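Q: next input, structure requested:
(chains A and B)
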Amino acid sequence: AQSVAQPEDQVNVAEGNPLTVKCTYSVSGNPYLFWYVQYPNRGLQFLLKYITGDNLVKGSYGFEAEFNKSQTSFHLKKPSALVSDSALYFCAVRGYSTLTFGKGTMLLVSP
Amino acid sequence: GAGVSQTPSNKVTEKGKYVELRCDPISGHTALYWYRQSLGQGPEFLIYFQGTGAADDSGLPNDRFFAVRPEGSVSTLKIQRTERGDSAVYLCASSQLAGTYNEQFFGPGTRLTVL
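A: Here you go, the predicted model:
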């Protein structure tokens, strides 16, 4: 069975500083990994995905994620955080028909 | 439409009642998914449709839950004899095709509260 772990319930960062939201995965076979963001009272929005190829994946709103096969990690990063980035972030691994999500990490960016 | 829509946005019902939740996917998307998100948790898969048929319903928690997609577009999730534990946000998603590479686009969800 596939699974995803997000070890941090909350990440706090000051505006302008770099941010990292951690994700590790467990799958049999090749991992297909996704990051989604959820704003209050809104649906999940796709940020980026890793299927194959370059280990650094660039996505929406200046976010990027680094795939590390040896550490089974797929951490979400942004060089300079904005207050508007404050939201709930989910890492997910894809099987054929389903997404398996982590429990989410709340990102709080302070002015 | 421009995105996945779900109605109602909020539903409050009493224990034991029947509810229907509706999902209208992005036009042309053949795959449709239902997830349930409980407080403080990530979404959990319920069921997935490819066209009109349920291709994978392994996530449905019990036989009180049922979903249909009769014309391969709009889908309805049906919950019989609701219980307080059914309270959650029910999310619908669609993708152009089924398969690993296709990202799923999510609707805003229906918040179900069972009193």
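
Q: for the residue of chain B found nearest chain A, which non-adjacent residue is spatially closest?
A: Using C-beta to the nearest C-beta, B:Gly42 is the residue of chain B that sits closest to chain A, at 3.2 Å. For every residue, glycine as well, the C-beta is placed using N, CA and C. Nearest non-adjacent residue to B:Gly42, counting by C-beta to C-beta, 6 or more residues apart in numbering or on different chains: A:Phe101, 3.2 Å away.

Q: neighbours of the residue of chain B closest to chain A, just the number please.
A: Neighbour count of B:Gly42, defined by other C-beta atoms under 10 Å in any protein chain shown: 22.

Q: check contacts around B:Ala88.
A: B:36-39, B:111-112 (C-beta atoms under 8 Å, 6 or more residues apart in numbering or on different chains).

Q: do I have it right that A:Trp35 meets A:Leu44?
A: No: counting by C-beta atoms under 8 Å, A:Trp35 stays clear of A:Leu44, with 10.0 Å between them.

Q: shared neighbours, those two?
A: Common neighbours of A:Trp35 and A:Leu44 (C-beta under 8 Å, 6+ apart) are A:Phe90.

Q: neighbours of B:Tyr90, just the number please.
A: Neighbour tally, B:Tyr90, other C-beta under 10 Å: 23.

Q: contact partners for the residue nearest to B:Gly42?
A: Contacts of A:Phe101 (C-beta under 8 Å, 6+ apart): A:4, A:36, A:90-92, B:42-44.

Q: now rank those residues by neighbours and give me the top one.
A: Ranked by neighbour count (other C-beta under 10 Å), the contacts of A:Phe101 have A:Cys91 at the top, with 29 neighbours.

Q: this completes my enquiry, with thanks.
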